[in-house]
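# structure for this input, please:
(one chain, ligands or ions: 1)
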Amino acid sequence: MLAVRDYCFRHYGLKLGQREARLWGRPEAGIKSRLKNFVMNRRVFHPVGAQAKDEVADLLSWKPDYLYGYASLLLEAAQILDGMEIEFDPPRCVVCTAESILPAQKAYISRAFKAPVAEEYGSTEFDVIAFECTTGHRHLVNPWLIVEEGEDNGLISDVSRTSQSLIRYQLGDLFAIKGLGCGALGAVESIEQLQGRTLDRFFYLSEGNKIHASAFSKLFDQYLTETKDLFLFSLRQDAYSELKVFIDSAPKNGTTDLKEFLEREISGFAGVRIGVEVSVVANRDRSEKRNYFVQNMKAPE
Ligand SMILES: [Zn+2]
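From the prediction side, this is the model:
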């Protein structure tokens, strides 16, 4: 597994064992994790709350070779950095993992840290499955893993291990596999249209009518790009044709602007009137892995 990661990192001129600034949940306490981080040449930073700015300054003065962590934490760090007047040596690469991220958000992180951003797709059981090349394809990178699209779940088999449980294992995410004309990294196949849990894939207009929730990420990407803005968001549906939007800070053009944009665009392609409610919440729940949209209704069949 380490060999695969090493291979991906080399694509960005990095080697395993180089300084890693890890943006993770809460910093772990205790001698064991401190020792592990020391051996791995890694430091954990948590750029959230009152110390966020100091944490980002500490991170940069430690001069990491690369950053690794949750997309949402990297975004928060990028936002803080954006508002600071600070000179720093850019890392070679920023690797985001575990959460969905939009192209506009990646571009923002890249600008703030003055480094390329690579998206990693993996799981606890299989470690790195796909890794983004410098051109932006999410290549399959582990030659021992057979990845299949599956009907409503990506399937994966590990041919290097004999365990039955690792044959056509359900990843819990849905994706398409696409052939590429790019041989920069791993296989000439990539993972596209990555989405979270089956349940959270549809937004219901009425009992018999639904639209695919992936449309929302495209709209947010469009909005962030057009308004040159950046905020974190999550979405929830509690009632037919009603979308709840939670954002971590007010948009530059105001919440009404965002609300009207979403209502207009979604109603346009859904063909019915959609109500959007936007609320600013300081502390976003980070527990939903790879999901920005949560379906809270009992999904009709
Ligand atoms: Zn490529």
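
# relative to the helix or strand hosting residue 294, what are the paired strands and their orientations?
Using DSSP states H and E, the element containing residue 294 is strand 293-295. Strand 293-295 has the following strand partners under DSSP bridges: strand 233-239 (parallel).

# which parts of the helix or strand hosting residue 192 are buried?
Using DSSP H and E, residue 192 falls within strand 189-195. Residues of strand 189-195 classed as buried by neighbour count (16 or more other CB atoms under 10 Å): 189-191, 194-195. Every C-beta, even on glycine, is put in place using the N, C-alpha and C of the backbone.

# can you get me a residue count around residue 63?
Residue 63 is flanked by 12 other residues according to other CB atoms under 10 Å.

# so how far is residue 90 from it?
For residue 63, the distance to residue 90 equals 10 Å [CB to CB, to the nearest Å].

# show me which residues of the stretch 151-300 of the chain sit near the ion.
For the stretch 151-300 of the chain, the residues in contact with the ion (CB under 5 Å from the ion) are 182, 184.

# which residues in the stretch 151-300 of the chain form helices?
Along the stretch 151-300 of the chain, the segments classed as helices by DSSP state H, counting those that start in this stretch run 214-227, 255-270.

# of these, which shows the lowest average pLDDT?
In terms of average pLDDT, helix 214-227 trails the rest of those, at a mean of 89.

# and residue 184, what does it touch?
Counting by CB atoms under 8 Å, 6 or more residues apart in numbering, residue 184 touches 11, 133-135, 137, 139.

# one more time with 6 Å
By CB atoms under 6 Å, 6 or more residues apart in numbering, residue 184 lies in contact with residue 133.

# what do you get for residue 75?
Contact analysis of residue 75 by CB under 6 Å, 6+ apart lists residue 105.

# same thing but at 7 Å, please
105, 109, 232 (CB atoms under 7 Å, 6 or more residues apart in numbering).

# want to throw those residues into TSV with pLDDT and neighbour count?
As requested, the contacts of residue 75 are arranged in TSV below (pLDDT from 0 to 100; neighbours: other CB atoms under 10 Å):
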residue	pLDDT	neighbour count
105	88	24
109	95	24
232	83	19
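
# okay, those residues in a markdown table with distance to residue 262 next?
Converted to a markdown table, these look like this (distance: CB to CB, whole Å):
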| residue | distance to residue 262 |
| --- | --- |
| 105 | 17 |
| 109 | 24 |
| 232 | 16 |
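
# what residues does the stretch 1-150 of the chain put near the ion?
Within the stretch 1-150 of the chain, the positions adjacent to the ion are 133, 135, 137 by CB under 5 Å from the ion.

# out of the residues you listed, which are buried?
Neighbour counting over these (16+ other CB under 10 Å) leaves 133, 137 as the buried ones.

# run through the neighbouring helices and strands of the strand or helix carrying residue 54.
Using DSSP H and E, residue 54 sits in helix 52-61. When contacts are defined as 3 or more CB pairs under 7 Å, 6 or more residues apart in numbering; DSSP states H and E, helix 52-61 sits against strand 42-45, helix 71-82.

# and that helix, which residues are buried?
52, 55-57, 59-60.

# for those residues, which one is nearest residue 97?
Closest approach between the buried residues of helix 52-61 and residue 97, by CB to CB: residue 59, at 17.1 Å.

# stretch 89-102: end-to-end distance?
25 Å (CA to CA, to the nearest Å).
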